[in-house]
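Undergrad: Provide a 3D model corresponding to the input given below.
(chains A and B)
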Protein chains: 2
Amino acid sequence: MSEAWLDAIKWDTHGLIPAIAQDEKTGQVLMLAWMNREALSLTVKEQRAIYWSRSRNKLWRKGEESGHVQTLKDIRLDCDNDVILMQVEQIGGIACHTGRQHCFFQALENQQWRPVDAIIKDPHEIYQK
Amino acid sequence: MSEAWLDAIKWDTHGLIPAIAQDEKTGQVLMLAWMNREALSLTVKEQRAIYWSRSRNKLWRKGEESGHVQTLKDIRLDCDNDVILMQVEQIGGIACHTGRQHCFFQALENQQWRPVDAIIKDPHEIYQK
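TA: Numbering: from 1, shown residues only, chains lettered A, B, ... in the order given. Below is the predicted model:
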């Protein structure tokens, strides 16, 4: 299997590329996370979003704990070969670990960031241990 | 003027944050670029996208040469305080320096990135010198 498409990526100094996940149906930008070479390769192979968790320093199969898998519908690379954009089906309708549809729920109001989108599901219910 | 909203940002080790520009009307993700503290502050103050150019190492008032200004309609911060999402009006309908509507015009086909979106305007016409 040729890996020229992976060689074409301009990885940053940490070997990562930012990847945006957009809801293919609504167009809502769900989140941005990071991928290393293995994560991007696996994302395409398994047709689901697989990121590199910078905080946990390991592969992060989105939805592995929450069930909120992102099924890959389309994948694009930008003009500078340093940003990925994915169209995904967001299983469960929740992308954010706070239980919201998307991660961009803080709006700037009166020079303060304020949460303006509803929590759909309590994170304690999402991440049962 | 309080700068608490700027202090809330988790800047990366280079003092930058990735900023996604989305077309407020079509929902198309136009591009991702980077902002430092001054760029983000000016973006909100002037209500237009102002980035930090990592290649030119200076402020980049989007559209300063091309006329393809991005007027700010909404600005959001994500759950981790380390990604910005803007809704913008894309003046001229062209966000990419290649003359395309958006920067994500390379699709993965048969393990190769291929340009699949039309060039609307010749870059030589956009950047007349």
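
Undergrad: confirm that residue A:55 sits in a helix.
TA: No: counting by DSSP: H, G, I helix; E, B strand; the rest coil, residue A:55 is located in no helix; its state is coil.

Undergrad: number of residues surrounding it?
TA: Residue neighbour count, defined by other CB atoms under 10 Å in any protein chain shown, stands at 7 for residue A:55. To be clear about C-beta, it is placed using only N, CA and C from the backbone, and glycine gets the same treatment.

Undergrad: element containing the residue in chain A that chain B sits nearest to, please.
TA: Using CB to the nearest CB, the single residue of chain A nearest to chain B is residue A:27, 3.0 Å away. Residue A:27 belongs to no helix or strand when elements are defined using DSSP states H and E.

Undergrad: surely residue A:65 touches residue A:127?
TA: Yes: taking contacts as CB atoms under 8 Å, residue A:65 lies within contact range of residue A:127: 5.8 Å.

Undergrad: so where is chain A shaky, pLDDT-wise?
TA: A:1, A:129 (pLDDT under 70).

Undergrad: what does it put close to chain B?
TA: Neighbours of chain B within chain A, by CB under 8 Å from any CB of the partner chain: A:1-2, A:4-5, A:8, A:18, A:20, A:22, A:26-29, A:31-32, A:44, A:74-81, A:83, A:85, A:96-98, A:100, A:103-108, A:111-113.

Undergrad: ok, 6 Å please
TA: Residues of chain A lying close to chain B by CB under 6 Å from any CB of the partner chain are A:2, A:5, A:8, A:18, A:22, A:27, A:29, A:32, A:75-79, A:83, A:85, A:96, A:98, A:103-104, A:106-108, A:111-113.

Undergrad: can you give me the strands in chain A?
TA: For chain A, the strands defined by DSSP state E cover A:17-23, A:29-35, A:50-53, A:58-61, A:70-77, A:84-90, A:106-109, A:112-115.

Undergrad: which one of the ones you listed is the most hemmed in?
TA: strand A:29-35 (a mean of 24; mean count of other CB atoms under 10 Å in any protein chain shown).

Undergrad: so what touches that strand?
TA: Outside strand A:29-35, the residues that touch it by CB atoms under 6 Å, 6 or more residues apart in numbering or on different chains are A:16-23, A:51-52, A:54, A:90, A:95, A:102-103, B:22, B:83, B:85.

Undergrad: repeat the analysis, applying 8 Å as the threshold.
TA: A:16-23, A:43, A:49-54, A:60, A:62, A:70, A:84, A:88, A:90, A:95-96, A:101-104, B:18, B:20, B:22, B:29, B:32, B:78, B:83, B:85 (CB atoms under 8 Å, 6 or more residues apart in numbering or on different chains).

Undergrad: so residue A:120 versus residue A:105, what's the distance?
TA: Residue A:120 sits at a distance of 11 Å from residue A:105 (criterion: CB to CB, to the nearest Å).

Undergrad: can you put the strands of chain A in a markdown table and add distance to residue B:12?
TA: Shown next, in a markdown table, are the strands of chain A (distance: least, CB to CB, whole Å):
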| stretch | distance to residue B:12 |
| --- | --- |
| strand A:17-23 | 11 |
| strand A:29-35 | 11 |
| strand A:50-53 | 15 |
| strand A:58-61 | 19 |
| strand A:70-77 | 21 |
| strand A:84-90 | 18 |
| strand A:106-109 | 18 |
| strand A:112-115 | 18 |
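
Undergrad: between the ones you listed, which gets nearest to residue B:38?
TA: Comparing these by their distance to residue B:38 (CB to CB), the top pick is strand A:106-109, with 16.5 Å.
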